[in-house]
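Enquirer: Structure, please.
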Amino acid sequence: MRLIYLIRHAMPDIPLGERWCIGHTDLPLGTVGRMQAALLPFVPELRDKPVFCSYLQRAIDTARPLCSDPMIRPGLEEQDMGIWDGLSFTEIQLLYPELYAAREKNPGLMPSDAEPMDSVRERMRKALRRCLDETSGDLVAVTHKSAIDSLTGQRPKLLHTSISVLDEKLNPLEIGSLPHPSPDRAVCEALLSAAGVPEKVILHCRAVAEESLRIADSLRDCIPLDREMLFAAAMLHDIARAEADHAAVGAAWMKALGYPEISALIASHHDLPGSATDEAAVLFLADKYIRDTERVTLEERFSLSAGKCLTEEARAAHHRRYEQAKALEESFRLGVSP
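Expert: Below you'll find the model as predicted:
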C-alpha cells in the first residue's frame, strides 16, 4: 500500500501567537517557520521520497529542507478566502462582526466569495492522484490547513508542520502528528542555521554547551542532571541573540517548536530566578564562564562586561548576576545543589 504524507506548511511570517486568514495571500516563512521546517528532515518517514508542494511560498519554503527542488503542482494550494484573505482574525472580527460571531456556532461559515470546500476537496483529490501517477512508492505533499481538512473531515486542529497520512485511495490513516525529533547536536545545528544565527554566535553556543557538559560531569556523583536537555538548551541559548530580550524571545521560539523544558532553561540563562532547576543553574554558570569561545574566570568575565552598564539599574543587575554566579561556583565546587 502506498502512503501520502501530507504536511501543513510551517508558520508564515506573522507575529507569534496571532491568527491570520491567509488563503491565497503569499507569505514566506518567518523565523519560527524556518525552524519548524528544519525539523522535518529528522522525521525518518519523510526521507528519500518525492516531494510535492503548492505554488505558495510558505509551502515551497517548508518543502525545501526535505528536497532542494520540490515539485510544484496546481491544486495543492490553500482555499481562497475571498474578502477575508490576508486579514488577521482581529480585523475580521471588527470588519465583519455578524459573520464572525456566527462562526462561533458554525466554524464552516465563510464569506460568500470564498472558495467552497467541495471545490477544494475535488482539486486536492485530482492533484494527489496526479502526484501518485507521476511517482512510485510513498510521497510527500506540503500543502495547507483547509486543503488537508477537505480530505480528512476537519477532525483535529492541524498545527504548522503537522503530518497527516493518507493511503493511495486518499483515505485518512493518521491526522495531525507533529515532528518532535530528539534535540541532539545535529538538530540543534539545523535550528541555529535556520534561525540565521551568525557563525560567531554559533561558536559561542558550542563552547557553552561543552562547558555545561564539563560542569555536569563534575557533578555526576552528587547532582542528577538531564544531560540531553542541558546540552540542547546550551546549544540554543543564544538562538535569538539578535533580538531585544533575547532570552525571552529564544524561549518563546523553542516553546512554539514544542520543547517547553528547553524553553524554560533558555528563558533563565541570562537572569536566574530563585526557583531555577539544577540544569538552569548549570547553564547560567557555563554561559558566564565563556567569553566568545574562550573560558575565563568569573572575575574576568564580569570585569570585561561592567563597562557596558551605563545606568544604576544595569550596574545593580550586573552585580546581582555576579553574586549568583559566585554562589553557584561555590555550591558546585562543594557538590551540592544551589
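
Enquirer: Tell me how many other residues surround residue 112.
Expert: Using other CB atoms under 10 Å, residue 112 is surrounded by 7 other residues. Where C-beta positions appear, they are placed from N, C-alpha and C, glycine not excepted.

Enquirer: ok now do the closest residue to it other than its chain neighbours, which residues does it touch?
Expert: Nearest residue to residue 112, sequence neighbours excluded (CB to CB, 6 or more residues apart in numbering): residue 82, at 7.2 Å. Contact partners of residue 82, counting by CB atoms under 8 Å, 6 or more residues apart in numbering, are 110, 111, 112, 113, 114, 115.

Enquirer: Can you name the two of the residues you listed that sit furthest apart?
Expert: Distance extremes for these: the farthest pair is 112 and 115 at 11.2 Å, using CB to CB.

Enquirer: Now do the contacts for residue 268.
Expert: Residue 268 touches 247, 276, 280, 283, 284, counting by CB under 8 Å, 6+ apart.

Enquirer: Could you save the residues you listed as a markdown table and add columns showing distance to residue 31, neighbour count and secondary structure?
Expert: Formatted as a markdown table, the contacts of residue 268 follow (distance: CB to CB, whole Å; neighbours: other CB atoms under 10 Å; DSSP: H, G, I helix; E, B strand; the rest coil):
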| residue | distance to residue 31 | neighbour count | secondary structure |
| --- | --- | --- | --- |
| 247 | 16 | 19 | helix |
| 276 | 26 | 21 | coil |
| 280 | 24 | 21 | helix |
| 283 | 22 | 29 | helix |
| 284 | 25 | 24 | helix |
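
Enquirer: for these, which one is nearest residue 203?
Expert: Closest approach to residue 203 among the contacts of residue 268 (CB to CB): residue 283, at 17.1 Å.

Enquirer: Assign residue 323 to helix, strand or coil.
Expert: The three-state label given to residue 323 by DSSP: H, G, I helix; E, B strand; the rest coil is helix.

Enquirer: what about it, how many neighbours?
Expert: Per other CB under 10 Å, the neighbour tally for residue 323 reads 11.

Enquirer: and what of residue 97?
Expert: With other CB under 10 Å as criterion, residue 97 counts 10.

Enquirer: That one and residue 315, how far apart?
Expert: 51 Å (CB to CB, to the nearest Å).

Enquirer: Pick out the most distant pair among the contacts of residue 268.
Expert: Most distant of these, by CB to CB, are 247 and 276, 12.6 Å apart.

Enquirer: Grab the nearest non-local neighbour of the most centrally placed residue in the chain.
Expert: Computing the C-alpha centroid of the chain and ranking residues by CA atoms, centre = their mean puts residue 257 first, at 3.2 Å. Closest residue to residue 257 apart from its sequence neighbours, by CB to CB, 6+ apart: residue 35 at 5.9 Å.

Enquirer: For that neighbour, what is the enclosing helix or strand?
Expert: Using DSSP states H and E, residue 35 sits in helix 31-39.

Enquirer: what's the distance between residue 117 and residue 58?
Expert: Distance from residue 117 to residue 58, by CB to CB: 20 Å.
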